[in-house]
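Engineer: One predicted model, sequence on top.
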Amino acid sequence: MAMTRQSPTETTTNWRDVARDWASDRDAFKQVPWGKAMMWIFLLSDTFVFTCFLTGYMSVRMSTTAAWPNPSEVFALTLFGAHIPLILIAIMTFVLITSSGTMAMAVSYGYRRNRVRSAALMLATALLGATFVGMQAFEWSKLIAEGVRPWGNPMGAAQFGASFFMITGFHGLHVSIGVIYLSIVAFKVLRGDYERRGNYQIVEIAGLYWHFVDLVWVFIFAFFYLW
């Protein structure tokens, strides 16, 4: 059976039609609110940034000739006379995963238009996020007191300090921004701003950001603390 080939002009025209269709918002984003679409675009760009950071970390980790510090020893705490590895990191991870659950419930109650419960759960999520940031600040202060710096540390490879402060700091900044963001949205929900508009999509949009922050932490936990 003979196949017909499209001329270069026809191919170019087809691609132009596809681009025009997407740009005109006729099919691709017809049912997607712009606020949600813009949040997805932002999260996609942020995914590239975190991917570059973690890829750079893995490259440095595998190429360095100096001994890399053992995370189980570096991030251990002595509690009640026992040396417990990664105990603080485990608690931080539990807190952040729990906050993802409270955020999901906040979105559910938002779509039910139960503004009191939705706002309360968003504030609980923000409180858990602030707790996470506080524990991360304690972790930083502990390592700084032990001599860890972005340009070196007494425990081994000099790149450890730079990788640690860059990756966890950038993620901690996202959590801090999320805490402020959720607090503002929760206040507006409680005040009834979105009730008057009849639209609680902002709660879901805030939830997208928070779930992204939680997901990124899972990768940081796996690559930085368990490797």
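Structural biologist: The structure has been received and is ready for your questions.
Engineer: Give me the buried positions along the helix or strand where residue 142 lies.
Structural biologist: Per DSSP states H and E, residue 142 falls inside helix 115-145. Residues 115, 118-133, 135-136, 139-140, 143 are the ones in helix 115-145 that count as buried (16 or more other C-beta atoms under 10 Å). (Glycine included, C-beta is placed from N, CA and C.)
Engineer: So for the helix or strand following that helix, mean pLDDT?
Structural biologist: Going down the chain from helix 115-145, the next helix or strand is helix 159-191, by DSSP H and E. For helix 159-191, the mean pLDDT works out to 94.
Engineer: same question, stretch 134-152
Structural biologist: Here the average pLDDT along stretch 134-152 is 91.
Engineer: circling back: could you say what helices and strands the helix holding residue 142 packs with?
Structural biologist: With contacts taken as 3 or more C-beta pairs under 8 Å, 6 or more residues apart in numbering; DSSP states H and E, helix 115-145 sits against helix 87-111, helix 159-191, helix 201-220.
Engineer: Now render those helices as JSON lines, adding distance to residue 69 and mean neighbour count.
Structural biologist: Formatted as JSON lines, the helices and strands packed on helix 115-145 follow (distance: least, C-beta to C-beta, whole Å; neighbours: other C-beta atoms under 10 Å):
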{"stretch": "helix 87-111", "distance to residue 69": "14", "mean neighbour count": "19"}
{"stretch": "helix 159-191", "distance to residue 69": "5", "mean neighbour count": "19"}
{"stretch": "helix 201-220", "distance to residue 69": "16", "mean neighbour count": "20"}
